[in-house]
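What follows is a predicted structure for the sequence shown.
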Amino acid sequence: MRLHHFSEFARTAGTVARESERSRSALVEQKMKGKTMSLTIGTLEKAKGIGVCILPAKEATARTKKSSSKKRILNALEQRGGLSIEDELRRRGVSSEKGSVHILSITGESPLLGIIVGFWSDSSQPGASEDRLHPESSDEQSRWGFVRRLAIAASKQAKEWKAGDIAVHASVFQNDAVKESQVFYETLLLSQYAFDRYQDLPKKRRKGVSAPRVLFEKIKGLTLKHLSQVEGKVSGVNFARDLVNTPAGDLGPYDLARQAQSLRSGGSLQVKTLKVSELEKKKMNGILSVGRASKKPPAFITLRYQPTSQKRKKFPVIGLVGKGVTFDSGGLSIKTGTGMETMKCDMAGAAAVLGVFHALRSLRLPIEVRGYVPTAENMIHGNALRPGDVIQMMSGKTVEVLNTDAEGRLLLADALHYASKDGCDIIIDLATLTGACVVALGEECAGLYANNSELKGRLLCASGAAGERLWHMPLLQNYKKLLQSPIADIKNIGSRGGGSITAALFLEHFIGDVLWAHLDIAGPAFTTSGDEAGIKGGTGFGVRTILAYIEQLVSE
C-alpha cells in the first residue's frame with residue numbers, strides 16, 4: 001500500500017483545495033452528495049433499525065400526570081418493535097434513575113433491532129447551565145448533555161447492528177425542539193467521524209454506504225433547515241480533526257498555510273501567508289527562532305471573515321489566535337521518545353482556528369472575525385535555538401529562552417502582539433500550551449484564563465452549550481515575578497509549580513489593553529484512548545465553543 005503524502009497533493013493552491021474537500025468528514029461530505037446519512041422529519045410508522053426515546057425518571061414518575069408522551073411511544077416505537085417498553089424494562093430489572101441509558105435489543109421479525117431508552121426528569125435543567133463559575137454542571141448534568149449521550153449510544157449501536165435507520169422519538173426533544181434536535185444530530189454526525197486516509201480499506205467502507213438514515217419524529221417548530229444548520233459546524237470540527245490527525249511529515253507550516261488558503265470563498269473570507277522574508281521585515285523573531293532549525297520554514301497565516309450582509313449590526317471584531325507547531329521535538333530541550341509520539345497534535349490550536357473559519361463560510365454570521373496562525377516546526381539542528389539565548393520579540397520585549405520546549409508561547413507572543421495592533425476588540429487564543437494544565441485538569445477539560453470577567457463568563461456558557469469542558473483558571477499577578485530574568489525583560493519559563501499559570505502570564509505581556517482569553521487545550525485536543533464515541537486522535541476541541549460564543553454575541 002502506498003501512502004499518499006499530503007505534500008504531494010499540495011503542490012498548488014488548487015490541488016490543495018481539492019485535497020481539502022477530500023479531507024473533510026466523509027459523513028458530511030457524503031451528506032452533501034446525498035449518498036448517505038439522509039435526514040428526514042416525519043412519522044415513525046415505517047421506522048427500521050434503532051429507536052430512541054426518553055421516559056420519565058424514577059423521581060419524576062410520581063409527579064408526572066401527563067400520559068401523552070407515553071402514549072405516543074406506545075403508538076410509534078412499541079408497535080414497530082412489537083413489545084411494551086415499560087414491561088420489557090421491568091422484566092429486565094432496569095433502573096429508571098435520572099440520566100441512565102439502556103439498550104433494549106429486540107429479537108425476532110421486528111423492523112426495529114432495538115430501542116435506546118433514556119430516563120430523565122422533566123423538572124431538570126433543560127439546557128446548559130447558566131452557572132458561569134461552575135462549568136462542571138454545564139453539560140453532563142443538563143438535558144443537552146443527556147441528549148448527547150443518547151446520540152452517542154445510538155451511533156454505537158447503529159454501527160454494531162448495521163442499522164439502516166435511527167428513529168428519534170419526539171420525547172427526545174420535547175422541551176426545546178430546535179436546540180435539542182440540533183444537539184442530537186450534531187453529536188450523531190460527530191460520532192460518525194473516521195480518519196482512514198492512510199488505511200487500505202475496502203471501497204465500500206470508504207464510501208460510507210453503511211451510514212444510517214436519521215428520522216426525527218415530526219414535532220411543531222422543527223424543520224430540516226434547523227437541523228441542516230449544524231452540518232457547517234460539524235464540517236468545521238472535522239476539518240480541524242483531519243488537520244490534527246495528518247502526520248507531521250505530510251503537514252508542515254507551508255502545508256498548513258495552503259490548507260488555510262483553500263478556505264477562501266468569494267469575498268467573505270480572505271487569507272494571507274507571511275513567509276520568512278516578511279517575518280524578518282516585521283521582526284517576528286519568536287516565530288523565526290522556533291522554526292529556524294527545521295528544513296520546513298515557518299510562516300504566519302492571517303484570515304479575515306467579513307460578512308457580506310449590508311444589514312449587519314455593529315459587533316466587536318473578534319481575533320482568534322491558534323498555536324501552529326506542526327511538530328514539536330522539544331528542540332535542544334528534547335522530549336523523550338514517548339513524549340514525541342503525539343506531537344503532530346501541537347498545532348491543534350491552529351486547527352481549531354481554521355475549523356472555525358471553515359464553519360463561518362456556511363454559517364454566514366454578521367460579525368467580523370480575524371484569525372492569526374503562527375506556524376513552525378520545533379526541530380534540532382546546528383543552528384537551533386539554544387537554552388540561554390535571548391531573542392527580541394516583535395513587541396520589542398526581550399526574552400531569555402531557558403527551555404526550548406516552551407516554544408509555543410514564543411510563537412503566540414508575536415501573534416498576540418500582531419493581533420492586538422490589528423484592530424481586534426477581543427482576542428481569544430487556543431493552544432496546546434502546557435503539560436501542567438493536563439496535570440491540573442486531566443485530558444477532558446481545558447483551562448480558561450481571561451483578563452475580563454464578562455468574557456470569561458460568556459466563554460464558560462458557550463462551552464456548556466457546545467458540550468466542551470472549560471475550567472476557569474486564575475491569572476495570579478504575583479506569579480509574574482517567577483518570569484523575571486536577570487539579563488532580559490522576561491524569561492520563557494517560571495518555576496516548577498503553576499506552569500500553566502505562568503505560561504498564561506507570559507502571554508499576557510504581549511496583549512496590551514485588549515480584552516483577551518487564553519484556552520490551554522493541551523488535555524482535550526487529542527485522545528489516545530478514545531472519546532465518548534470511541535474515536536481516537538484529534539478532537540477538534542474549541543471549534544464548537546468559539547462558534548457558540550460568536551453566535552451568542554450576534555443573537556443579542
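Here it is on my side, so go on.

count of neighbours near residue 314?
For residue 314, the neighbour count with other Cβ atoms under 10 Å is 6. From N, CA and C alone the C-beta is placed, and that goes for glycine too.

next one: residue 45
Using other Cβ under 10 Å, residue 45 has 10 neighbouring residues.

just residue 214 next, same as before
Quick note: residue 214 (other Cβ under 10 Å) scores 24 neighbours.

do the same with residue 477
With neighbours defined by other Cβ under 10 Å, the count for residue 477 comes to 9.

show me where pLDDT drops low in the stretch 451-556 of the chain?
Applying pLDDT under 70 to the stretch 451-556 of the chain flags no residue at all.

Now with 90, please.
496, 532-534, 556 (pLDDT under 90).

how about the helices in it?
In the stretch 451-556 of the chain, the segments counted as helices under DSSP state H, counting those that start in this stretch are 453-466, 499-508, 543-554.

could you say what helices and strands the last one packs with?
What that stands for is helix 543-554. Judged by 3 or more Cβ pairs under 8 Å, 6 or more residues apart in numbering; DSSP states H and E, the packing partners of helix 543-554 are helix 224-245, strand 318-322, helix 348-363, strand 426-431, helix 453-466.

rerun at 6 Å
helix 224-245, helix 348-363, helix 453-466 (3 or more Cβ pairs under 6 Å, 6 or more residues apart in numbering; DSSP states H and E).

That helix: which residues count as buried?
543-551, 553 (16 or more other Cβ atoms under 10 Å).

buried ones in stretch 517-535?
Neighbour-count burial for stretch 517-535 flags 517-527, 531-533, 535 (criterion: 16+ other Cβ under 10 Å).

Distance across that stretch, terminal residue to terminal residue?
Stretch 517-535 has an end-to-end distance of 29 Å (criterion: Cα to Cα, to the nearest Å).

Can you pull out the residues in contact with it?
The contact list for stretch 517-535, computed with Cβ atoms under 6 Å, 6 or more residues apart in numbering, reads 152, 191, 193, 342, 345, 348, 428-430, 432-434, 437-438, 441-444, 446-450, 455, 459, 500, 504, 507, 536, 538-539, 541-542.

what pairs with the closest residue to residue 105 other than its chain neighbours across the strands?
In space, and not counting its chain neighbours, residue 105 is closest to residue 114: 4.4 Å by Cβ to Cβ, 6 or more residues apart in numbering. Counting by DSSP bridges, residue 114 forms beta bridges with residue 50, residue 105.

Might you report the residue contacts of residue 114?
Listed by Cβ under 6 Å, 6+ apart, the contact set of residue 114 reads 50, 103-106.

coming back round to it: let's have the helices of the stretch 451-556 of the chain in CSV, adding distance to residue 404.
Formatted as CSV, the helices of the stretch 451-556 of the chain follow (distance: least, Cβ to Cβ, whole Å):
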stretch, distance to residue 404
helix 453-466, 31
helix 499-508, 15
helix 543-554, 30
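
any idea which of the contacts of residue 114 has the most stuff around it?
Result: residue 50 is most packed of those (other Cβ under 10 Å), 28 neighbours.

Do you know the pLDDT at that residue?
Residue 50 is assigned 93 on the pLDDT scale.

And the contacts of residue 114, which is closest to residue 222?
residue 50 (19.7 Å; Cβ to Cβ).

Please report how far that closest one lies from residue 170.
16 Å (Cβ to Cβ, to the nearest Å).

From the contacts of residue 114, pick the one nearest residue 156.
Out of the contacts of residue 114, the member with the shortest distance to residue 156 (by Cβ to Cβ) is residue 103, at 9.0 Å.

Quick check: phi and psi at residue 269.
phi -130, psi 120 (degrees, to the nearest 10).

who does it bridge with?
Going by DSSP bridges, residue 269 is paired in beta bridges with residue 265, residue 305.

Am I right that it is in contact with residue 305?
Yes - using Cβ atoms under 6 Å, residue 269 makes contact with residue 305 at a distance of 5.2 Å.

So for the two, which residue has more residues nearby?
The residue with more neighbours, out of residue 269 and residue 305, is residue 305; 25 against 19, by other Cβ under 10 Å.

Just to check, that one is in contact with residue 367?
No - the criterion here is Cβ under 6 Å, and residue 305 misses it with residue 367 at 8.3 Å.

In the stretch 201-350 of the chain, where is pLDDT below threshold?
Within the stretch 201-350 of the chain, the stretches with pLDDT under 90 are 201-213, 219-221, 265-268, 307-314.

any idea how the chain splits into domains?
Domain ranges of the chain: 36-222, 233-554, per automatic domain parsing.

Quick check: which of these is buried the most?
Counting by mean count of other Cβ atoms under 10 Å, domain 233-554 has the highest mean neighbour count of the domains of the chain, with a mean of 21.

First-to-last residue distance for that domain?
16 Å.

Show me the shaky parts of the stretch 1-150 of the chain.
For the stretch 1-150 of the chain, applying pLDDT under 90 flags the ranges 1-39, 43-48, 55-99, 106-111, 121-143.

re the thing from before, among the helices and strands packed on helix 543-554, which is nearest residue 280?
helix 348-363 (21.3 Å).

Just name whatever secondary elements the closest one is in contact with.
Counting contacts by 3+ Cβ pairs under 6 Å, 6+ apart, helix 348-363 is packed against helix 224-245, strand 318-322, strand 369-378, strand 426-431, helix 543-554.

got the contact list for it?
With contacts defined as Cβ under 6 Å, 6+ apart, helix 348-363 is touched by 232-233, 236-237, 239-240, 243-244, 260, 263, 265, 303, 305, 320, 322-324, 371, 373, 430-432, 525, 540, 542-543, 546-547.

With stretch 542-556 instead?
Stretch 542-556 has contacts (Cβ under 6 Å, 6+ apart) with 233, 236-237, 240, 315, 352, 355-356, 359, 365-367, 430, 458-459, 462-463, 465-466, 468, 521.

8 Å instead, please
233, 236-237, 240, 313, 315-316, 318, 320, 348-349, 352, 355-356, 359, 363, 365-367, 369, 428, 430, 446, 458-459, 461-463, 465-468, 470, 519, 521, 525 (Cβ atoms under 8 Å, 6 or more residues apart in numbering).

For stretch 525-540, measure first residue to last.
OK, stretch 525-540 end separation, Cα to Cα: 7 Å.

again, but for stretch 480-496
First residue to last in stretch 480-496 (Cα to Cα) measures 14 Å.

if I've got this straight, residue 77 is in a helix?
Yes - assigned with DSSP: H, G, I helix; E, B strand; the rest coil, residue 77 falls within a helix.

What distance do you get for it to residue 345?
Using Cβ to Cβ, residue 77 is found at 41 Å from residue 345.

cool, residue 406 as well?
Taking Cβ to Cβ, one finds residue 406 at 17 Å from residue 345.

same deal with residue 491?
Using Cβ to Cβ, residue 491 is found at 26 Å from residue 345.

Likewise for residue 501?
For residue 501 relative to residue 345 (Cβ to Cβ), the value is 23 Å.

Repeat that for residue 247.
Distance, residue 247 to residue 345, by Cβ to Cβ: 11 Å.

need the helices for the stretch 51-200 of the chain, in chain order.
58-61, 68-73, 79-81, 85-91, 143-161, 177-190.

Can you lay out those helices as CSV showing distance to residue 487?
Formatted as CSV, the helices of the stretch 51-200 of the chain follow (distance: least, Cβ to Cβ, whole Å):
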stretch, distance to residue 487
helix 58-61, 64
helix 68-73, 70
helix 79-81, 74
helix 85-91, 71
helix 143-161, 50
helix 177-190, 49
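
Dead centre of this protein: give me the residue that sits there.
Centre of the chain computed as the mean C-alpha position; nearest residue by Cα atoms, centre = their mean is residue 541, 2.8 Å away.
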